[in-house]
Every structure is written in structure tokens, then in C-alpha cells.
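1. Sequence isn't available, so here's the structure alone:
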């Protein structure tokens, strides 16, 4: 096992802002909004209607098909509407809106530790599916699908992703410090499904406290080990971890399971443990509120559906006298720039970074022609040639981009744009080109039918 | 508040390195070489540097304004171009050269092709080639104390011994950026900062060394190689010119191919070309290859490289080895095979190489040791000459050098005499070289000049029998020059009237040869 992948960059981490802040619960008082398409796959179907009373942990939408996920309410109150609301992506989406009574009355049927030693593999996966667990790392892929590969015996590594390579974010660090035993229990439950697999807890070496906590927690768990990884972005990317740990690089058309790996964020693993052992559905997750504009940066257990704006207010708001220039859902590398904070926090949102300065705006002013310095090719974790790819896009040579330079492989980690001294918007160009090519392909496929 | 939020597509942060930052670091790294050049060569060199840099920046500024382009003159690249051009010019350049050169570099080579990142030739080098063609005489005129002199590389190409130390430090006659040491320091700093690619600079040096060693006629003699590398802008080309981002390939393999091309072309031009500017032309030629290399040679993503992943089960040593990029394995293998083949070829052709060295001056050698059937080298003598390191011989002989020495043998293989080729740089117009023939006992047979460029009717008269035959048959340890004439003593030599400088140079060289004979050949 290597400690890292090839390429990568070293952005300023700024984790000191919130690193030592313990996880606190955020009890939102305002209305809660649940987009039905919050995960990868088919949107869920609502099972409540206007004016229905709901409790904490009550299912409000059910999975529609295998690649889909249940949605649970994180508050008690009554359904205000099932209607289109603006979401993080900026579009209007169908959402269940709940009028929060602020009492947080829990539904029955979960929260008591059960003996799970006798559960079959199928029962474990069923409990995960019931709980509506999706990947909390960012993509939002339904976890029960990941846990049901075609050949479970070929899985060699179950990787708990605690790398947290995204700058600013620290909630996974705190989660590992405080919930180490529960995470290990969750990982053991996953290992039960894959009898030939080893568990690897991958943590960047800038989190010594978390590494120590996890190392202590795995004592007596022979199949699990803690692997301190080199601190380098995008260490926590699925492909980076698999390249480092399993030594395998795989193309975009394949899934981690095809190369014998299952990768889950530590937050997701904790959710699995809660779901299997306590039958608790997933309606709350860890979250970092940070950035130089925030008065009290910190880590929170946030209820799904609460608004970003309310969390900021709850924490104490912005620093006095500063102007907020940039709001990012997530960190500055892969996060999404927000036009408004009045949108709901979804499961895969693990942070809100509020900045008084906009480095992207500054970069735009510093942009020059491409120097051909080759830095982007050195840092690309997939071994792509971003500089040549950008050249082909300028020439509108989509065929060369797709077929000779493997442009569709790009996972949009942003390393090339980050490192570019000429401040070319490389990742941004690739995102757009990929979207164009995929749209064309879909249109062509549709035409054939 | 919300309306004021900026939107952007990720990543939202950037590295602190910008284009001007990189350009300024490159300029700074050229500073040591510039300072050495100005200190050694004086005021005119400083003027050349300042004018070149100023004109480069001003040209780009003017172009931006006239064509309503964004202000690209601020990005620092024009400073680099101007500085690099100046360092490639003679310190004695008339001041219109840097101005015309910098304007050509920026306006024609760079801006007309689209500016930064679009030029297909290295602007500074293209300008240098332009000036070489247009102002040949001024470009290749180098003086010491007002007198024209040849650069070490020109001498090296003529097969003469050169002073490596002065080439390395930059005190030898030559361009302003002539200090190999200062350029090397700057280049290595850039390399350690990851600003230039090691793949390029080291393959340039490697390709050149390999070619010169293989075909230079002197094998892999470290002094010969060092002399070749330290002179003629090889370091400048390898670390600064070849590594220009825009005109070099992107992929590592492409960069190695490009670098090797430059090195080998440079070697070919150096050995077989007529101009000392072998590297200007080799880099420019290789620049033209770059688009072709970039179109065709680049690696696949990791996931698509052969044997990438799908067969291996776990990680082991074998895995680590298979992770070494293929080009590295291939190139290393080729290098090892080539190296072995070369050493084989070298040992087989060693005699031929030595014969070639001999052939150059063989005619003179036969004049001064007529009894000899052939000349052979002697290990002790060769070592002694190698130890001299091409530097001035002794302290009593002015600027005299011992170039080579051979043992003359007859048909039976018996030693019948010795020949020592010695040079004095104290001639009236450059070097005076001669073959000094001694018989087996150490008395002088005769001397014969191999290089003599003195004033006709004056210095040239040292080649007349009246002067040079004075040495014949004498067996002394040291001659003295008798300027009064009418010498009677065995160790006195009458000067050529009106040419005591040249006469003195000859006597010094002969004395050096005698001293070398007495201390090394006879003593050893």
C-alpha cells in the first residue's frame, strides 16, 4: 500500500479555523425542505401530502426502484406543501416542505441497540436501504447499491474514507475523534458482507488526533487497519484512494467494485452503524461551517433539510463589519458557489465556506495565455494531459478530446485549474465539454430508438 | 447581501504562482550570469543588457497599444526574452544590435504569431540567428584589450587546447552570458523549483555528451567533454533556451526526444559545422519539431496504460517496478545498451582515434624527427599532459602550453627521438604553435611551425631558416633570446630584427618543450 497517488496539489488548508471545534447539534427552527432528487438515481416518491403530521425519523418519500433512496424527516411538524423549491444547484426542484414545530418529537421504532450478530448479509443491506443512506462524501450514491456488487467475494478492500482532503472542512476529523468505536463497528458490519476483504481506514496525516483515536478503536479488529495518507488534494477522491491502496487505476466506465474496492465516507459508515444496530434512518450528518467571514466557525450535526442561512444565523452570523463575497457549499476545490444561502442543506453537503474575498475573481484578472508550462499534466491524478485537452477544445476538436486524449475520464477534481500559473479555467472547460459530449451522445442514442 | 455573492465554477481557489511570478523568477535566475558578464566585460556589456531588456519591453508595449491588445507587456516574459538575447551577444556589440535583435524577437517572432505561448520559435534565439545572418562580423567579434581574439569554442573546433577553468568561470573571451558556472547555478535553481523540466535539460546535455564522446575523436576524455560543455552556450541552451515552455513538448517522453534531438544536433553542428553557434541552430531546429511531437507523443491516462491494473492481486515489489513509467524503462535500457556498445566501439577504435589525432600534425612531426618511421603515444607522457589541464605550462615561459608529445620509433621499433608540440600565446597576433623534435639523447633536431599568423615580413620571419635553424643540434636545458644579435654561446638565440615579440614567444615555447622533456619524458 502506498501512502498516496500520483500527481495532486497542496492548496492552503485553513483547517485550523474549525479543527478543534467539537461537533454540536444544530436545532433548526425554520421550515425544512427535502428535494426528492437529492441522490444519484431516480427521484424518490413522496408518501406524505399537505397537512400530514410528521415526526423526526418518519419516512416522507420512498425509493423508486433499486438505484434510489428513502427520505426521512429530520424534524417534527406538519407537511406544508409538496412543491417546486429552489435548491443548491440553482434550479427549481420538486420538494417536500415541512413546517417545523421545533419540538423534535421522535417517531417510534428506532434508537435502541439491537443484537445484530445474527443478521444475514441481506438483512444488513436491507436495513441500510431502509434507512435511506446515500454517500455523504459528495456524490450522493445510494449506499445499498454499493454494498450489493455482482461478486462480493472479489472485494479485496473496504476503504473508510477519512482523508478529508478538501480545504477548510474538518467535520470528518471531529467525527473520527469522537465516534471512532461506532465507525469501526460500522466497518465491521460492512466487512461481514465481503468475506475476503480487508478494512482500511484512510486518513490524511494532518489529522494526528483522529489517527490516534481510530488506531485505538481498531484494537482487536484484525481485519482492519488505519492507514495515514500523505496530505495532498485530492487524496480523498475514490480513484486516488484506490490507486494508493489497491494500486489500481480504472477507467470512468468502471466502478470501484470492479477493481475489488468499496469506498465509503466515514460519515456514511457511521450512518450504516446507526441504521443496522439502532435501526435509525439517516436524517442528520456532520457539517463544517467555516471561512474567514464566519464569526464562530465550527462543526455541527445538522438535520437534513434545514437552510444554510439559518445555520449561519444559529452559529452567530458573520463577523462584524465584513462583506460576504463568496459562499461555497463544501470546500473551495469541489464546492458549489451559491447565489443564495436560502436553500436546504442536503445529505451530501458537508460544509459551508464563507469568504470575504473571491480568489476566483482575482484569478480571472490574472489570466494570461497558456504558457505550456506543463504543470497541469504533472498534477493530474489520472495522468491526463489537461494542456493538450484545453488546446483541442479551443480548436473545437471534440474527437481528439474524447478519443485520443480521453477527455471524458476527467473527474473534475480541479487540480489542473488550481495549479495553472496562467489561471486558465481548465477544469471548467472540461466540465462544459463533457456535458456537451454526453448530451450529444444521449441525443444520438435517443435518435436510434 | 445575497445579491452580492460571486458565482464561479470550481475550483474556487488558485495556486499563488502566476505567469509574471514565473517570468520574474527566471529573470532573477539569469542575474548571476549577467553580473559575471558585466563585471568581466565592462560597461559596454551593461549597455547591451539594458538596451536589450528595455527594447524588448518597449516593443511589446508598443505592439499592445498599436494593436489594441491587452497589456501583455506586464507579464515579465519580454524581460526574460531581452535578457536571454543580451546574454547571447558579444560584449563588444555595437549598440544597435541589441535594439534590432530585441525588436525582431518581440515584434516578429513573438507578437506576430500571437504573443505569449503562441510563438513557434524561441524569440531570443531566433533573434540571435537573425543577427548572426545579418550582422555576422559584429556578432562574432570578440576582443581582449582591444585586440580581436578567438573564443575558446572556435579554438576547440580547430583542435586546440583551451583553458577550461576560464570557460567555466566565464572569464574567457565570448558572449556576455559566458559563465557556465553562473548559468548552471541559475539553471539548477530553476530545476529545483520545478520551473524547468529536467527531462529537457539533462537529455540535451546527455545527447550532446554522447555524440561528442562518440564521434569527437577523443573518446570520453573528461577534459575534452568538459571543454565542449562549458563553451558555446551549451549550458545556456540546455537550461534556458531548450526549456522555453512554448517551444518544447508537453509530455515527458516528448521532452526527452526533443532534448536528445537538440543535444545530438548540437554535437553534429559542433563537430562538423562551420559556425561556433551550433546550439543556436540546433535549438531552433528542434523547436520546429515540437508541434509534431505534441500532436503524436503523449501518454495515455494511468487507467489505460498497458498492464495497468486488472491482473494484479496485491501490492509487492514487482508492482512497484511495473509502476515505473514505460518510457523510463525503455530509455534506460536503450541507454545501457548504447553505453555498452559505445565502450566496445571505443576500445576497438582507440588506435584509430589516436592516429587521427596524430595525422593533423604528422607532416610537421616527420620534419623534426626525420628518422622516425612512426609516432606512438606513451601513457606516462599522455597522463602528464592530461594533468596540465590545458593550463599555462610552468612559470618561466610566459603563456606557453604543451599540447601533445609522442615517441618517434624506427621500423624496428627502437626509439629514435621525441616530438613535443608546444604553443605560446605571446605571439604578436595570437598563438604560435610548433613541433619541437628531439633526438633520443635530448638534443634538438629541428623545430617546425604548425600555427603561425604573425605579421608578414616581420614576425613571420621566425619561420625562416636563419632563425629557426639556430636551435638545430643544440643540447641545452634552456635558451635565452639575444636581442643584440651575433650570439656565440650555445644557449643563445639571435632575435629576428624588428620581431622580438614573436621571437620571444618561440623561445618560450621551445624552452617549455625542453623543460617538459627533461622533467617528464626523460625523468619518467
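-> Done, it's in. Just so it is clear, the structure is predicted and the values come from calculations on it, not from any experiment.
2. you'd agree residue B:378 is up against residue B:404?
-> No: Residue B:378 lies out of contact with residue B:404 (Cβ atoms under 8 Å); the separation is 11.0 Å. C-betas here are computed from N, CA, C, even on glycine.
3. Between those two, point out the one with more neighbours.
-> Using other Cβ atoms under 10 Å in any protein chain shown as the criterion, residue B:378 and residue B:404 rank with residue B:404 on top: 20 against 16.
4. and the chain, what are its domains?
-> I'll assume chain A. Using automatic domain parsing, the domain ranges for chain A come out as A:15-20+A:110-278, A:363-448.
5. Switch to chain B, please.
-> Following automatic domain parsing, one gets these domains for chain B: B:16-296, B:361-522.
6. Could you see whether chain A lies near the longest one?
-> This means domain B:16-296. Yes: residues of domain B:16-296 are located near chain A by Cβ under 8 Å from any Cβ of the partner chain, namely B:17-19, B:21-22, B:72, B:75, B:114-118, B:194-195, B:197, B:245-246, B:248, B:250-251, B:294.
7. Please narrow these to those residing in helices.
-> B:19, B:21, B:22, B:294 (DSSP state H).
8. Could you report the neighbour count for residue B:383?
-> If you count neighbours by other Cβ under 10 Å, residue B:383 ends up with 11.
9. How about the residue of chain B found nearest chain A: what's its closest non-neighbour residue?
-> Using Cβ to the nearest Cβ, residue B:11 is the residue of chain B that sits closest to chain A, at 3.2 Å. Counting by Cβ to Cβ, 6 or more residues apart in numbering or on different chains, residue A:414 is the residue found nearest to residue B:11 once chain neighbours are left out, at 3.2 Å.
10. Report the contact partners of whichever residue of the stretch 51-200 of chain A sits closest to chain B.
-> Across the stretch 51-200 of chain A, no residue is closer to chain B than residue A:167, which sits at 7.1 Å (Cβ to the nearest Cβ). By Cβ atoms under 8 Å, 6 or more residues apart in numbering or on different chains, the residues touching residue A:167 are A:11, A:12, A:13, A:14, A:15, A:233, A:331, A:332, A:333, B:13.
11. Show me which of those residues is closest to residue A:58.
-> Residue A:58 has its nearest neighbour among the contacts of residue A:167 in residue A:331, at 32.2 Å by Cβ to Cβ.
12. Got phi/psi on residue B:426?
-> The phi/psi pair for residue B:426 (degrees, to the nearest 10) reads phi -90, psi 10.
13. What distance do you get for it to residue A:277?
-> Going from residue B:426 to residue A:277 by Cβ to Cβ, to the nearest Å gives 97 Å.
14. Ok, residue B:123 next?
-> Distance from residue B:123 to residue A:277, by Cβ to Cβ: 69 Å.
15. okay, these two: which has more neighbours?
-> Taking other Cβ under 10 Å, residue B:123 and residue A:277 do not tie; residue B:123 has more neighbours (30 against 19).
16. Can you verify my assumption that that one contacts residue B:111?
-> No: Residue B:123 is beyond contact range of residue B:111, at 9.3 Å (criterion: Cβ under 8 Å).
17. which residues touch whichever residue of chain A sits closest to chain B?
-> Closest contact between chain A and chain B, by Cβ to the nearest Cβ, is at residue A:414 (3.2 Å). Residue A:414 sits next to A:234, A:333, A:334, A:427, B:10, B:11 when contact means Cβ under 8 Å, 6+ apart.
18. By pLDDT, rank the residues you listed and give me the bottom one.
-> Among those, residue B:10 has the lowest pLDDT, at 80.
19. Residue B:521 contacts residue B:381, doesn't it?
-> Yes: Residue B:521 is within contact range of residue B:381, at 6.1 Å (criterion: Cβ under 8 Å).
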